[in-house]
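[1] Sequence plus the predicted model coming up.
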Amino acid sequence: MTTRDDFDRRLHTWLSGHEWDREPELLLEEVLARTARTSRRPAWLIPERWLPMSAITSRFAPSMPVPWRAVGLVALLLLALIAGALILAGSQPFRPAPPFGPAANGALAFSRAGDVFVVDGLGGTPRKVLGGPNVDAAPLFSPDGSHMLVLRDLGNGRQALVWAGFNGADPRIILDDIDAIGWAEIGPGGDVVAVQIDSEPGVLRIVATDGSGSTSIETGLDVVRNPIFRPPAGDQLTFEGWGQAGERGIYLVNLDGTGLIRLELDPGYQADEFYALNRDYYFQAPSWAASGSRLAYPTLEPDPVSPAGPGFRVHIAEVGPSGDVTSEEILEFDPAMDDEFAPTWLPTGNVIVYHSVEGTLQRMWLADLDAGRERGTWASPPTTTSASGSLPTAPRSSPSCPSPARTSPLCR
Amino acid sequence: MRREQVERAMAGDHDAFSELARVSIARLYAAARMILRDEIRAEDATQEALVAAWRDLSALRDPDRFEAWLHRLLVRACHREARRGRRRLVIELEASRTSRIVERDPAIDLADRDELDRGFARLDADQRTVLVLHHFLGLTLDEVAVALAVPPGTARSRLHRATRAMRAALEADARLSTLTEGRLA
């Protein structure tokens, strides 16, 4: 028996030897009085049930059990996105503004059993690009498709970030031996990566892809998460933040750490009836249009017409270079929807893809925000998730609507 | 029986939830008290966890996972309280009141308990959390990982680090005692 074992046993004996006689007086009564007057939150409103939302806010989680339902829904989302993009591409030519837009080589990267594979399009033969004893996962292509970022599991909860060519050539560690990474986003120029590390609350790391090191941005916030680069220059980061008083918000900061600002979005949100109870659902995953002047984000709105009560709605804000919000509107495409959320811009800069929930029906939508072209279409037919968690069949795309059903640029 | 109660509570039966809360609350409070080292904040965290459980119960997919889910809610509530506590230092400095938690193992003598308690107090809330989940609540490492919402490997390394920190805290305490005794002599 080693000394260490002795200490473990001593610690275990002491901790497990604690017992409790009872909770403080009246605590149970207080809890039950509160729960009796607390409304149940509908299942759809709870993050763990929000599979698409959780999927887009958990970029790196390779060691967790595979959430097959989430994976299925994300695959559905991606297929719908591709289908929708093809519809638009067929009807109107667009030229993505470099460096944003689809990667030119068209390859897909994925990981399996600690190795990274690349496949040339759907149906191609996967080829291993990173193998060997290292445990690599979660490959991300750089915006120009020339490189990939890979998460390496070092064991004991430690991780590293690896930067390699798109075919796995010349892999090198650019961030070594760190705690669990919550998020990593490659800058538009492929020269830096923004990283959020779980054990560094309030801190964003900017890591150079040439291996020259990293700098930290100390935001002074309790929580920062999901940093994204602001196009087109990529010299600013936008992220979700929780202030020290618990307030939620979307923030902007320069890459050198200066100019930190909380975007003045959704004025009056604190007065929402449900804000105190539901603040975790305000100011969710933001998405920039390619121009970098329009920001879309979903947030909870207290009074949709939907019988489900408060629900997500997409907001679109015009944001100046230093973070001043010059205008904002709520895009309520259909008041009857329980939720409309997860907006993502197409490279055209005037079309968003978003997700809607109505009861058990889930849909993907394309919405053209250009007032001069009122045209919209499903990106997918309505789908339901059965109690057993099985997923519907692959999405199809409906033809474009001949005329809009309402003044909104969307039709069904 | 338990599963049936959870299912009834999931369906909105407040009486069923009350029974679940009644059998869980003392254990949750004791764990929160050990993590937070403050009775008032432990009460707040326990209350927050149980209210969240009632409010969000429809999110639970598997009734058999109720307990694991409750632990996760408690850990979240404790972390929130711990963050709040850092900003309200005055609470940290309040003299600890008599604890309702008692130690039942006579194999550990009083001096040893005091030493361990002092060392434990030197840990941060995250370190205390992983030790409480594993040793006090008796969760396996996989269950600890679920409660902390981290991969199992991370849970393992956190437990290892917390144990190491506890050992270092005890050694520091011993050095301090030696120094103090030397000065008083």
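    Thanks, I have the structure now.
[2] For stretch A:120-130, C-alpha coordinates in PDB please.
    Output of stretch A:120-130 as PDB, limited to C-alpha atoms (Å, rounded to 0.1, in the frame of the first residue of the first chain):
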ATOM      1  CA  ASP A 120     -14.100  14.300 -51.300                       C
ATOM      2  CA  GLY A 121     -17.800  15.000 -51.200                       C
ATOM      3  CA  LEU A 122     -20.600  12.800 -50.200                       C
ATOM      4  CA  GLY A 123     -20.100   9.200 -51.400                       C
ATOM      5  CA  GLY A 124     -16.300   9.500 -51.800                       C
ATOM      6  CA  THR A 125     -13.800   7.200 -50.200                       C
ATOM      7  CA  PRO A 126     -12.500   8.500 -46.900                       C
ATOM      8  CA  ARG A 127      -8.800   8.700 -46.600                       C
ATOM      9  CA  LYS A 128      -7.000   9.000 -43.300                       C
ATOM     10  CA  VAL A 129      -5.000  12.200 -43.000                       C
ATOM     11  CA  LEU A 130      -4.000  12.000 -39.300                       C
END
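[3] mind listing what's buried in it?
    Buried residues in stretch A:120-130, counted by 16 or more other Cβ atoms under 10 Å in any protein chain shown: A:129-130. C-beta: built from backbone N, CA, C; applies to glycine.
[4] what's in contact with stretch B:26-36?
    With contacts defined as Cβ atoms under 8 Å, 6 or more residues apart in numbering or on different chains, stretch B:26-36 is touched by A:15, A:18-24, A:27, B:39, B:41-43, B:45-46, B:49-50, B:70, B:74, B:77-78, B:81-82, B:85, B:99-101, B:120, B:125, B:128-129, B:132-133, B:136-137.
[5] Just the CA trace of that stretch, in CSV.
    This file holds the C-alpha atoms of stretch B:26-36, laid out as CSV (Å, rounded to 0.1, in the frame of the first residue of the first chain):
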residue,chain,number,x,y,z
ALA,B,26,-31.2,16.6,3.5
ARG,B,27,-28.6,14.9,1.3
LEU,B,28,-28.5,17.7,-1.2
TYR,B,29,-28.2,20.3,1.6
ALA,B,30,-25.4,18.4,3.2
ALA,B,31,-23.5,18.2,-0.1
ALA,B,32,-24.1,21.9,-0.8
ARG,B,33,-23.0,22.8,2.8
MET,B,34,-19.7,20.9,2.3
ILE,B,35,-19.1,22.5,-1.1
LEU,B,36,-19.9,26.0,-0.2
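[6] Buried subset of the contacts of stretch B:26-36, written for PyMOL?
    Listed next is the PyMOL selection for buried residues among those, using 16+ other Cβ under 10 Å:
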select buried, (chain A and resi 15+18+20+23+24+27) or (chain B and resi 39+41+42+43+45+46+49+50+70+74+77+78+81+82+85+99+100+101+120+125+128+129+132+133+136+137)
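[7] Just confirm residue B:60 contacts residue B:9, I think it does.
    No: the pair residue B:60 and residue B:9 does not pass the contact test of Cβ atoms under 8 Å, sitting 9.1 Å apart.
[8] of those two, who's got more company?
    The residue with more neighbours, out of residue B:60 and residue B:9, is residue B:9; 25 against 22, by other Cβ atoms under 10 Å in any protein chain shown.
[9] Tell me if I'm right that that one and residue B:55 touch.
    No: if you go by Cβ under 8 Å, residue B:9 and residue B:55 don't touch, sitting 11.7 Å apart.
[10] which helices and strands sit right next to the helix ranked longest in chain B?
    Secondary structure of chain B per DSSP state H: the longest helix is helix B:152-184. Where contact means 3 or more Cβ pairs under 8 Å, 6 or more residues apart in numbering or on different chains; DSSP states H and E, helix B:152-184 is packed against helix A:3-16, helix B:110-122, helix B:125-131, helix B:141-148.
[11] Can you show me the helices along chain A?
    Taking DSSP H to define them, one finds helices in chain A at A:3-16, A:27-36, A:51-56, A:68-91, A:275-278.
[12] hey, least reliable of those helices by pLDDT?
    The weakest mean pLDDT among the helices of chain A belongs to helix A:51-56, with a mean of 31.
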